[in-house]
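Visitor: Can you look at this prediction? I've put the sequence above it.
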Amino acid sequence: MLERFSILGRLAIGFSTLLGLLVACAAVGVLALNLMYGTASRAVANDVQLAQRAGNVERLVLDERRFEKDAFINLADADALVAYRRKWEETATALEAALASVRRLSLVDADRQAMAQIAEGFGTYRRGFEQVFGRIRSGQVRTTQDANREMTEFKAAVHGMEGAAEALNRAAMSRVDGVTAELAATRASASWLQLSIALLCLGVGATLCLLITRSITRPLGRATQVARSIAAGRLDNDIGVGGHDETSQVLSALKSMQAALLENELNAKGQISAIHKAQAVVEYGLDGTVRAANANFLALFG
């Protein structure tokens, strides 16, 4: 098959194949780097941000509960009650902003469900606190126990809000912790793939080297054998020409040369035979003795 191509063509095929495999190996490395960069970027831009903002949401939820309790404990002190109510409102505003900042991130379904639960629980809790605080201001609720009792019907929403905030933070931290394992897995996969391609390059390179070398040396060896045979006087060598490459051209030239030499030899033998038939030929030695004579000479001179 390779005999159809020139030696330059064979070398070009071999080097092109190896170059293609090397490019594939480099492409795998670049792809792995891009995947690792994408994973790290996503972790920094989304998962780490989500963990930070989820932690902030959880902290603000706890602050809301703390200011609620401080307000109920100090409901007899009007100034302290107003101060804690103001802190509660400021924290509620900060919590709404924190929830909005979380929604701007790329969230999975579990995150969105947690956010919906936090928002729903916070809305119920806020209405309940404002309702109880209004009763405190109107004098309907006078003690801390009464205020806590009034908030009892909103406890389920409060606990759901706290649990959802904690779950969101825990899930975000878990994804951040998983980034290291994901990067390690990507690196391991890319390394194995690059190693596989490198071994493939080695195998293909060795095979191509063997095939190309044999496709060149075997015809050249045959050409050398034929040339030596012709030099020894053998003109009946079987010279097969099966390709169009340089070595086939050498064999073709040797075949043509052998045919020309054979034709010249036959012509020479024919001429000698004609001379023997038409002329009297004698061969003398240096001492004058007859060494050989043809039939015509013998017929003439006895």
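Guide: Thanks, I have it. Numbers count the residues shown, from 1 in each chain.
Visitor: can you give me how far the helix or strand harbouring residue 161 is from the chain middle?
Guide: Using DSSP states H and E, residue 161 sits in helix 155-231. Offset of helix 155-231 from its chain centre (CA atoms, centre = their mean, to the nearest Å): 6 Å.
Visitor: Check which helices and strands that helix sits against.
Guide: If you count contacts as 3 or more CB pairs under 8 Å, 6 or more residues apart in numbering; DSSP states H and E, helix 155-231 packs onto helix 7-42, helix 48-73, helix 109-138, helix 246-278. Where C-beta positions appear, they are placed from N, C-alpha and C, glycine not excepted.
Visitor: could you dump the ones you listed to TSV with mean neighbour count and mean pLDDT?
Guide: Below are those laid out as TSV (neighbours: other CB atoms under 10 Å; pLDDT from 0 to 100):
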stretch	mean neighbour count	mean pLDDT
helix 7-42	14	75
helix 48-73	20	87
helix 109-138	17	89
helix 246-278	13	73
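Visitor: Quick check: which of those is nearest to residue 193?
Guide: Nearest to residue 193 among the helices and strands packed on helix 155-231 is helix 7-42; the distance by CB to CB comes to 5.0 Å.
Visitor: So which elements touch the closest one?
Guide: helix 155-231.
Visitor: just to revisit the earlier point, for the helices and strands packed on helix 155-231, which one sits closest to residue 190?
Guide: Residue 190 lies closest to helix 7-42 among those, at 3.0 Å (CB to CB).
Visitor: Could you check how far the nearest residue to residue 48 once chain neighbours are set aside is from residue 18?
Guide: Of all residues not flanking residue 48 in the chain, residue 176 sits nearest, at 5.7 Å (CB to CB, 6 or more residues apart in numbering). Going from residue 176 to residue 18 by CB to CB, to the nearest Å gives 43 Å.
Visitor: which parts of stretch 92-100 are buried?
Guide: Using 16 or more other CB atoms under 10 Å as the test for burial, stretch 92-100 gives 92, 94-95, 98-99.
Visitor: picking that back up, would JSON lines of the helices and strands packed on helix 155-231 with distance to residue 184 be doable?
Guide: Formatted as JSON lines, the helices and strands packed on helix 155-231 follow (distance: least, CB to CB, whole Å):
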{"stretch": "helix 7-42", "distance to residue 184": "10"}
{"stretch": "helix 48-73", "distance to residue 184": "18"}
{"stretch": "helix 109-138", "distance to residue 184": "24"}
{"stretch": "helix 246-278", "distance to residue 184": "53"}
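Visitor: closest to residue 155 out of those?
Guide: helix 109-138 (9.0 Å).
Visitor: tell me the angle of that closest one relative to helix 48-73?
Guide: Per axes from the mean of the first three to the mean of the last three CA atoms, to 10 degrees, the angle that helix 109-138 makes with helix 48-73 is 20 degrees.
Visitor: which residues sit against the following helix or strand past helix 109-138?
Guide: Remark: after helix 109-138, the chain's next helix or strand is helix 144-150, criterion DSSP H and E. Applying CB atoms under 8 Å, 6 or more residues apart in numbering, the contact partners of helix 144-150 are 72-73, 75, 128, 131-132, 135-136, 141.
Visitor: Format the CA atom coordinates belonging to helix 144-150 as PDB.
Guide: Output of helix 144-150 as PDB, limited to C-alpha atoms (Å, rounded to 0.1, in the frame of the first residue of the first chain):
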ATOM      1  CA  THR A 144     -43.000  39.400  78.000                       C
ATOM      2  CA  GLN A 145     -44.900  36.200  78.600                       C
ATOM      3  CA  ASP A 146     -48.000  37.600  76.800                       C
ATOM      4  CA  ALA A 147     -45.900  38.800  73.900                       C
ATOM      5  CA  ASN A 148     -44.200  35.400  73.500                       C
ATOM      6  CA  ARG A 149     -47.600  33.700  73.800                       C
ATOM      7  CA  GLU A 150     -48.900  36.000  71.000                       C
END
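Visitor: begin at 8 from here
Guide: All set: I'll call the first residue 8, so the last point we hit is now helix 151-157.
Visitor: I'd like the mean pLDDT over the helix or strand containing residue 106, please.
Guide: Using DSSP H and E, residue 106 sits in helix 85-110. Across helix 85-110, the average pLDDT comes to 91.
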